[in-house]
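# Provided below for reference: sequence and predicted model.
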Amino acid sequence: VSVSETPQGWNAISPTAHYTGYVWAKNGLSHPALTTRTGRAFFETMRPSMAVSKVVVGTNIEGFLLARHLLIDLLLEERITSGQVEQVLEIACGMSPRGWRFASRYGDQIEYVEADLPAMAKRKREALAEIGSLSDHHRVEDIDALAESGQASLAGIAAGLDSERGLAVVTEGLIHYLDPDSLSGLWRRIATTLTDFRDGVYFSDLHLEDEAGGVRAEAFRVALSAFVRGWVHPHFSSEDEARAALVAAGFGEATLHRPLDYADRLDEMDERGASMVRVIEAPSAGAG
Ligand SMILES: C[S@@+](CC[C@H](N)C(=O)[O-])C[C@H]1O[C@@H](n2cnc3c(N)ncnc32)[C@H](O)[C@@H]1O
C-alpha cells in the first residue's frame with residue numbers, strides 16, 4: 001500500500017475511517033455527527049459478507065474492532081485516573097469518537113489532541129465543532145505520521161505539548177496499513193518523542209500473523225484489505241517478535257494485552273473476534 005498523500009491530503013487508507021466511524025456509532029460509542037454517508041454506504045455494502053463471515057468464520061471485522069477499541073479506552077482511562085497521563089495524542093484518529101468521549105469525561109483534567117492527514121482532520125474538526133467539543137482541551141491537528149520533521153510531523157505537534165505532563169500516544173487502525181520500514185520509523189519517532197515527557201506511553205492495536213490460522217486469518221486479511229487498494233501487513237508472527245521490535249524502536253518495554261483477559265471489565269465481547277487482536281501498551285524508556 002502506498003501511504004503517500006495526494007495533493008488533497010487524502011490517501012488510500014482514509015476511506016476505512018468512514019467504515020470504522022460507522023461501526024463505533026452503530027454500537028452506541030459515538031455521536032451522529034461523527035458518522036458519514038460514506039461510512040454508512042460502506043457498511044451496507046459489507047453487510048452480506050459480514051453476515052457470511054459470522055457464520056463461516058464465527059466472527060467478523062466488528063468483533064475485533066470493538067474489542068480493540070474498548071480495551072484501548074480502558075487502558076488509557078487507567079493511565080489518566082492514576083495521573084500518569086494528562087495529554088493524549090491520537091494519531092490517525094479518523095472519525096473515532098474517543099477524543100470526544102474522553103474530552104467530555106475528563107474536561108480540563110486532560111488535553112486531547114486528535115490528528116490525521118489534512119482532509120480527514122478537516123472533516124473531524126468540522127464534526128467536533130458541530131458537536132461543540134472543540135476547546136483549549138480538545139483540538140484536531142494535521143499530521144503525516146510518516147513525516148520525519150516539520151509542523152505536521154509528530155515532533156512538530158509534540159512541540160506544542162507540555163513536557164512536564166504525561167503523554168499517551170495512540171494509533172488505532174493504522175499500523176497494519178504501513179510497510180515494515182514505515183512502521184519501524186513511526187515507532188522510533190513515537191518512542192523518541194515520549195522520552196521528552198515526564199511520563200510517556202504508547203497504545204495501539206496489533207494483529208499477529210496467522211494468529212487464528214487458516215480460514216480465519218484469511219478472512220481477517222480480506223476484511224482489512226477491503227477498502228484499500230493494496231494489501232495489509234500483519235508484521236509479526238509472535239508476541240516476542242512484536243515486543244522485540246518495540247524495544248528496538250526505543251520503548252522501555254511492551255505489554256501485549258489480550259482483550260479476552262479483560263472480558264469481565266469490558267462490554268459484552270465477541271470472543272472469537274477479540275481473540276484476533278492484541279493491544280500494545282508500551283511505556284517510554286525511563287517511564288513506569
Ligand atoms: C482505519 S482508519 C482508523 C481511524 C480511527 N483510528 C478508528 O479506529 O476509527 C485509518 C486512518 O489512518 C489515517 N492515516 C493514513 N495514513 C496516515 C498518515 N500517514 N498520517 C496520519 N494518518 C494517516 C487515515 O486518514 C484514517 O483516518
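Looks like it arrived, so ask away. Residues are numbered from 1 along each chain as shown.
# Check the separation of the first and last residues in stretch 92-110.
19 Å (CA to CA, to the nearest Å).
# Close to the ligand: what parts of this structure are there?
The chain comes close to the ligand at residues 3, 11, 13-14, 16-17, 20-21, 91-94, 96, 116-117, 120, 143-146, 172-174, as judged by CB under 6 Å from any ligand atom. (C-beta placed from N, C-alpha, C; glycine too.)
# Mind checking which of these are in helices?
Those of those mapping onto helices are T16, A17, T20, G21, M120, per DSSP state H.
# now the strands for the stretch 101-250 of the chain?
111-116, 138-142, 167-171, 200-206 (DSSP state E, counting those that start in this stretch).
# so which residue of the stretch 51-200 of the chain comes closest to the ligand?
G94 (2.5 Å; CB to the nearest ligand atom).
# Quick check, that residue in contact with T16.
Yes - contact criterion CB atoms under 8 Å: G94 and T16 qualify, at 7.5 Å.
# So for these two, which residue has more residues nearby?
G94 (27 against 21; other CB atoms under 10 Å).
# which residues touch the residue nearest to that one when sequence neighbours are not counted?
Nearest residue to G94, sequence neighbours excluded (CB to CB, 6 or more residues apart in numbering): A17, at 2.8 Å. For A17, the contact set (CB atoms under 8 Å, 6 or more residues apart in numbering) comprises A92, G94, M95, S96, D116, M120, G173.
# ok, A17 to D267 distance?
Remark: distance between A17 and D267 (CB to CB, to the nearest Å) = 22 Å.
# One more: A103?
Counting by CB to CB - A103 and D267 are separated by 21 Å.
# before we move on, back to that, mean neighbour count, mean pLDDT and distance to R272 for the strands of the stretch 101-250 of the chain - can I get that in a markdown table?
As requested, the strands of the stretch 101-250 of the chain are exported to a markdown table (neighbours: other CB atoms under 10 Å; pLDDT from 0 to 100; distance: least, CB to CB, whole Å):
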| stretch | mean neighbour count | mean pLDDT | distance to R272 |
| --- | --- | --- | --- |
| strand 111-116 | 25 | 98 | 30 |
| strand 138-142 | 20 | 98 | 34 |
| strand 167-171 | 26 | 98 | 24 |
| strand 200-206 | 24 | 97 | 16 |
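# For those, give me a markdown table that also has distance to A244.
Output for the strands of the stretch 101-250 of the chain, formatted as a markdown table (distance: least, CB to CB, whole Å):
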| stretch | distance to A244 |
| --- | --- |
| strand 111-116 | 28 |
| strand 138-142 | 31 |
| strand 167-171 | 19 |
| strand 200-206 | 13 |
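# Which one of those strands lies nearest to A158?
Closest of the strands of the stretch 101-250 of the chain to A158 is strand 167-171, at 7.5 Å (criterion: CB to CB).
# follow-up on the earlier one: looking at A103 and D267, which has the bigger crowd around it?
Ranked by neighbour count (other CB under 10 Å), A103 and D267 place A103 first, with 24 against 11.
# Can you tell me, leaving aside adjacent residues, what's nearest to the more buried one?
A103 sits nearest to H138 (CB to CB, 6+ apart), 3.8 Å away.
# if we can go back for a sec, show me whatever sits in contact with both of G94 and T16.
Shared contacts of G94 and T16, defined by CB under 8 Å, 6+ apart, are found at G173.
# so what pLDDT did the spatially closest residue to G252 that is not a sequence neighbour get?
Distances taken as CB to CB, 6+ apart put A285 closest to G252, at 4.0 Å, once the chain neighbours are dropped. If you check A285, the pLDDT there is 89.
# was I right about A285 contacting F251?
Yes - in this structure, A285 is within contact of F251 by CB under 8 Å, at 6.5 Å.
# which neighbours do the two share?
By CB under 8 Å, 6+ apart, A285 and F251 have these common neighbours: A191.
# Those two: who's more crowded?
Higher neighbour count among A285 and F251: F251, with 26 against 15, using other CB under 10 Å.
# count of residues packed around the nearest residue to the more buried one once chain neighbours are set aside?
Using CB to CB, 6+ apart and skipping residues adjacent in sequence, the residue nearest F251 is A282, 4.0 Å away. A count of nearby residues for A282, using other CB under 10 Å, gives 28.
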